[in-house]
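*Asks:* quick one, fold the following:
(chains A and B)
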Amino acid sequence: MHLKHLFLIAWIALIAGCGGNAPAPTNPAAVGVDDLMVGGPKTGSQTTVAVVSPALTSQYHVQFVEGAVEEGESYGWKVQSLAGDRETNFAAQVDLVESAVRKGVEAMTICAINDKAIVGAIEKANEAGIPVFIHNSLTELEGVDIAGYTGFDQRKAGRLCGEYAVKILSEKNSDATSTVYIITGIPGFHSNERVAGFHEIIDQHPNIEVVGSGPGNWERLGGMNLAETALKANDQVDLIFAVSDAMAQGAAQAVQEAGKDTMTLGLDGNPDTLKDIQAGVVTASLAVFPKEMGKIAMQNIKNYLDGEAIERRNETPLKIIDASNVGEYLN
Amino acid sequence: MRSFLNASILRYIALFREFAAVGFLILLCLFLYSREPQFLSQENLKDILVQVSAVAIAAAGMTFVILTAGIDLSVGSILALAGCSGALAGNAILSGAPDGGVAVAGGVLSILLVACACGLANGLLITKLHLTPFIATLGIMSIARGLAYVTSNSSPVQVLDGMRVFARARFLELPLPIFLLFGTYLLSWVLLRFTLFGRYLYAIGGNETATRLSGVRVGKYKALAYALSGLFAGLSALIVAGRVGWMAPQEGEGFELDVIAAVVIGGTSLYGGEGSIWGTFLGALIMGVVRNGLNLMGVDYNLQKIVIGSIILIAVTVDVFARRVSVRS
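*Replies:* Residues are numbered from 1 along each chain as shown, chains lettered A, B, ... in the order given. Below is the predicted model:
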């Protein structure tokens, strides 16, 4: 028993005592980077910027971080990448922002898992007076201070996919009826907006018929299962549109196995999808250039820290990549 | 005589283990401090305790369950369902009556009631229908997660400011979750150490049939253990809801694995009958310290998973080894 008590006392002593050795600033933002880096491997008054991702389980966020680190290091900054263990761990994002605040970063850019359930995390940074940027979203957050947004318009991305669908379907069937199956993500902002944008365009074309849709849960296997069922249930499916590349790749695999000529359209423009496009497995994908987005987010932060005026909304480029231009983007 | 010897050896092993765990924790802290001086700042130590509080509190409940040789896979889903329905209840009461205090009380009470009811459902399925704990809680895990999506209409629910007090307010400079954390552990310690309920849980885990034959109402105590596990998951929901500000139906996916890991690192045997509440506390703390320290150092989360997995394996290997030594002697 006494050991257990000893442990408790030791921990409480740690809390009470260590404060004396390394006094905690009441406002970490007011403390220079030099004070926080004592004994650390870093040099001088290097600017540190934190990039908070939901999780690094998808290529998308990994590429964003790569772009951000590359750009940040070209300014001589230290870019600290922080990420949760899975894209559903909202509480972890609060922990990560807390860590960035303790570390005393000059600024941070956050990709929220959800544009509402991020408020608690941003409050932590606001309280510490650290400027917060949001990436991969242009939706204004309420009740918190945000310095700027970098991302692409999800609905516009859906519309661009819709326009491309209209183009390739009319090339294939001219005025005859074409059939489309839609694979959504887990219902939520990103999936809903993309699907809505796609509908806005194709609903204007009475000769394009949507024969069904279902959630592929953002996963390759989910896309494959749905496509398999859709191909069996319908005599002819001309196009499968999936709101993410992984699901489009799964659908393309099902199309191949069923021996059909169904076209597949994804949304992301991931490097491995580009290879599939070149190989003729996937028809096309709307590239959203996450690495570019990482760089743009960092440029924006640099301008802000340099005291220049910045755009509140920074829209990042979007481009359809198919067999005709895939060569330019493969390296 | 022989069994007496064994018992005292086991006690030494338990002591050795806790010594080892505390020693490991201290070494870990010193290492992280040498890499990142901010680690041992007063504010960061408070952060660590707040960050572990949700997992640690649910792990206290899980300890009751695992001591009976059971398991509760549903705590993550219970956290989401209780959090979402409590947040919704708070909002609904606020829109009906102008008194904010009533809404906050109603919301908080709903969180705890829903969580406790889910836990009780687990307990009744196991004791009345004789389902194995793994299956019963797997079923409730799925049902509670589904209900969380249905009640919240698949989107996050805003949590009343008043309800967030439990996670954000400070008392004597310390954030409230720290008090909830220590309060839960003191209560659990008292229950396990000084009440019949606690003694019976150990007995049930050691030999359920023998315990039943000696006249103990095993079903009642087991059901109570699951109800407590649910209730504690509700307390965790209160902290998570307060910290995040919105309660999403996806919240807490995989939470049960962190909770079970804390209990296992703490030395409680999955076969039941052996373990201590402070061991679980240490287990949760070790995981929290690793996560926080590696986050400060900017280490990739995937590497953190590898580190935590290794700690689980090392902790359990030490247990197995110690037990084998005790059997041989």
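
*Asks:* list of residues touching stretch A:143-155?
*Replies:* Residues outside stretch A:143-155 that contact it (Cβ atoms under 8 Å, 6 or more residues apart in numbering or on different chains) are A:107, A:109, A:119, A:122-123, A:126, A:131-140, A:189-190, A:193-194, A:196-197, A:200, A:288, A:293, A:296-297, A:300, A:304, A:310-318. (Each C-beta comes from the backbone N, C-alpha and C, glycine too.)

*Asks:* burial of the closest residue to A:I168 other than its chain neighbours, as a residue count?
*Replies:* Excluding its sequence neighbours, the residue lying closest to A:I168 (Cβ to Cβ, 6 or more residues apart in numbering or on different chains) is A:M263, at 6.3 Å. Residues lying near A:M263 (other Cβ atoms under 10 Å in any protein chain shown) number 23.

*Asks:* break chain A into its domains for me.
*Replies:* What automatic domain parsing lists as the domains of chain A is A:46-152+A:291-316, A:154-287.

*Asks:* between the ones you listed, which has the poorest average model confidence?
*Replies:* Mean pLDDT is lowest for domain A:46-152+A:291-316 among the domains of chain A, at a mean of 88.

*Asks:* what separates that one from the chain centre, distance-wise?
*Replies:* Between the centre of domain A:46-152+A:291-316 and the centre of its chain there are 11 Å (Cα atoms, centre = their mean, to the nearest Å).

*Asks:* kindly report the same for stretch A:199-208.
*Replies:* Its chain's C-alpha centre and that of stretch A:199-208 lie 28 Å apart, by Cα atoms, centre = their mean.

*Asks:* give me the helices and strands touching the helix or strand where B:G83 lies, please.
*Replies:* Here B:G83 sits within helix B:75-96, counting by DSSP states H and E. Counting contacts by 3 or more Cβ pairs under 8 Å, 6 or more residues apart in numbering or on different chains; DSSP states H and E, helix B:75-96 packs against helix B:42-67, helix B:100-127, helix B:133-152, strand B:157-158, helix B:218-244, strand B:246-247, helix B:255-265.

*Asks:* my guess is B:G298 contacts A:Q80, does it?
*Replies:* Yes - assessed by Cβ atoms under 8 Å, B:G298 is found in contact with A:Q80 at 4.2 Å.

*Asks:* residues shared between the contacts of the two?
*Replies:* With Cβ under 8 Å, 6+ apart, B:G298 and A:Q80 have common neighbours A:K103.

*Asks:* comparing these two, which residue is more hemmed in?
*Replies:* When neighbours are counted by other Cβ under 10 Å, B:G298 and A:Q80 differ, and A:Q80 comes out ahead with 23 against 17.

*Asks:* the more buried one belongs to a helix, doesn't it?
*Replies:* No - secondary structure of A:Q80 (DSSP: H, G, I helix; E, B strand; the rest coil): strand, not part of a helix.

*Asks:* so is stretch A:236-248 next to chain B?
*Replies:* No - judged by Cβ under 8 Å from any Cβ of the partner chain, stretch A:236-248 makes no contact with chain B; its nearest approach is 16.0 Å.

*Asks:* check stretch A:106-122 too.
*Replies:* Yes - Stretch A:106-122 lies within reach of chain B by Cβ under 8 Å from any Cβ, at A:113-114, A:116-117, A:119-121.

*Asks:* spell out which residues of the stretch 201-329 of chain B are next to chain A.
*Replies:* So the stretch 201-329 of chain B meets chain A at B:240, B:242-248, B:250-251, B:253-254, B:276, B:278, B:282, B:285, B:291-292, B:295-296, B:298, B:300-302, B:304-305 (Cβ under 8 Å from any Cβ).

*Asks:* just the buried residues of those.
*Replies:* B:240, B:242-248, B:250-251, B:253, B:276, B:278, B:282, B:285, B:291-292, B:295-296, B:298, B:301, B:304 (16 or more other Cβ atoms under 10 Å in any protein chain shown).

*Asks:* tell me the contacts of residue 122?
*Replies:* Chain wasn't specified; assuming chain A. Counted by Cβ under 8 Å, 6+ apart, A:I122 has contacts A:97, A:110, A:132, A:141, A:144-146.

*Asks:* wait, I meant chain B there
*Replies:* Applying Cβ under 8 Å, 6+ apart to B:N122 gives the contacts B:72, B:74, B:133, B:136-137, B:140, B:226, B:229-230.
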